[in-house]
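> Sharing a model that was predicted from the sequence below.
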Amino acid sequence: MTEKQYSIRSVDFFEKVYDVVRMIPKGRVTSYRAIAIHLGASKSARLVGAALHLCSHLIPPVPAHRVVNSQGLLSGKHSFATPSLMADLLKKEGVEVVDDKVQHFQKLFWHPNGAED
DNA sequence: GCAATGACTGGAG
DNA sequence: CCTCCAGCCATTG
């Protein structure tokens, strides 16, 4: 299986992750844990990362570059086409990135709930 | 089905 | 803020 057909339960979780990530406004970022909690799986932040690792082949593409770890670190930059793509995309959206870390992380943090903007 | 892996996290030093 | 350690859980071999 290289495209779909994951375990029934995970499909639901993965789809939710993609849906939330696609809601992230441009120039904003969020963390894996925030998404996991929003989906009711605060202990499965790693699964969010796993989902984003597979999002590359999806249509429409998921703005995974807007998802970072709790420290604002671009933990998944190495999973993109090029290691510099993630930081580059964020910079193009107006997000300051230094040493693979999002600056003003708390200020740019986007909450999946009704705190969109 | 077991063992290893990982885009994580929080606590402790 | 940085590093190390232990817990988490679906995916993969």
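Looks like it came in fine. In this text, all values refer to a predicted model and were calculated from it rather than measured experimentally.
> Please count neighbours and contacts with C-alpha atoms only from this point.
OK.
> ok, the residue nearest the centre of chain A - contacts?
Nearest to the mean C-alpha position of chain A, by Cα atoms, centre = their mean, lies A:V67 at 2.8 Å. With contact taken as Cα atoms under 8 Å, 6 or more residues apart in numbering, A:V67 is in contact with A:V21, A:V29, A:T30, A:S31, A:Y32, A:L74.
> same check, this time on A:D100
Contacts of A:D100 by Cα under 8 Å, 6+ apart are A:L73, A:L74, A:A87.
> Spit out the contact partners of the second one.
When you say that, I think you mean A:L74. Counted by Cα under 8 Å, 6+ apart, A:L74 has contacts A:H65, A:V67, A:V68, A:M86, A:A87, A:D100, A:K101, A:V102.
> Sitting in strands, which of those do you find?
A:V67, A:V68, A:K101, A:V102 (DSSP state E).
> re the thing from before, can you tell me how far the residue nearest to the centre of chain A is from A:W110?
A:V67 is 10 Å from A:W110, where distance means Cα to Cα, to the nearest Å.
> what do you get for A:H57?
Applying Cα to Cα to A:H57 and A:W110 gives a distance of 25 Å.
> now A:K43
The gap separating A:K43 from A:W110 is 20 Å, by Cα to Cα.
> So for the two, which residue has more residues nearby?
Using other Cα atoms under 10 Å as the criterion, A:K43 and A:W110 rank with A:W110 on top: 23 against 10.
> Does that one touch A:V29 like I think?
Yes. Contact criterion Cα atoms under 8 Å: A:W110 and A:V29 qualify, at 5.6 Å.
> returning to that earlier point: which of the ones in strands among the contacts of A:L74 lies closest to A:E93?
A:V102 (12.0 Å; Cα to Cα).
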